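Asker: Sequence and predicted structure, then a few things I'm wondering about:
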Amino acid sequence: MGVGLVTRTARALGERIVPVRVLLARTTDFLGRTSLFSQYEGRLRELNTRLSGSRGDDSTADEVRRELIEIRKGLRQAGYDLSLGNLDLALQGFRGDAAQGEGFRRAVLFLGDRTLWCLAGEANHLELHDRLERLIHSTRSAPIRGKHYVWFRWDRDLLVVSGAATETASDWEAFKVWCEGKERRLSLLSRMRRIPG
């Protein structure tokens, strides 16, 4: 059995056994972190009203669950990773090399229109930059819109990111603006979560 099939089976089973109120809350929370929320807000409110009015009616709860599972399936097919719903991002100024002693790691981020390239490691930021340039040189088809040199650390479900000495103040401000895009923020969380510890 492939890893993808195992993941899909576990996810489907989880959506069928988790309490429907929890599934509704998770779905609402995730959509609130995207630009799609306004498209789903009325439907989510209606599902909540139906569920609240059902008072133990299992058939209504089952209908609401089926609708939520369909919404979630559609979001996944559109490329959204619903497991990111409980993750958050905090941008915290600048840090120096002492950040390593606080559990932070170095990373270099290259931002494209629809792509985020990232490399983390022990080397200094400039070495990581050169390594990332070489890694993506032959496969990159989209232009790089910004380059950022950061320190990062996971505090449970919170990704803390700070600018490094190599990052200019204006580049850091541009990065903060980039992170205001909800889907971009999710992309950053997804990419940084996959960095091996």
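Answerer: Perfect, thanks for sending it.
Asker: which residues of the chain score low on pLDDT?
Answerer: 1-17, 197 (pLDDT under 70).
Asker: Identify the single longest helix in it, thanks.
Answerer: The longest helix of the chain (DSSP state H) is helix 58-77.
Asker: Give me the helices and strands touching it, please.
Answerer: helix 3-17, helix 20-32, helix 37-54 (3 or more C-beta pairs under 8 Å, 6 or more residues apart in numbering; DSSP states H and E). Quick note: C-beta positions are derived from backbone N, CA and C, even for glycine.
Asker: what pairs with the next helix or strand after that helix, and is each one parallel or antiparallel?
Answerer: Where DSSP states H and E defines the elements, the next helix or strand beyond helix 58-77 is strand 88-94. The strands beside strand 88-94 in its sheet (DSSP bridges) come out as strand 158-163 (parallel).
Asker: what's the strand it pairs with in contact with?
Answerer: 87-95, 99, 104, 148-154, 169, 171-172, 175, 188-189, 192-193 (C-beta atoms under 8 Å, 6 or more residues apart in numbering).
Asker: out of the residues you listed, which are buried?
Answerer: 87, 95, 99, 104, 148-153, 172, 175, 188-189, 192 (16 or more other C-beta atoms under 10 Å).
Asker: Tell me which two in those residues are the farthest apart.
Answerer: Greatest spatial distance among the buried ones among the contacts of strand 158-163 (C-beta to C-beta): L87 and Y149, at 22.3 Å.
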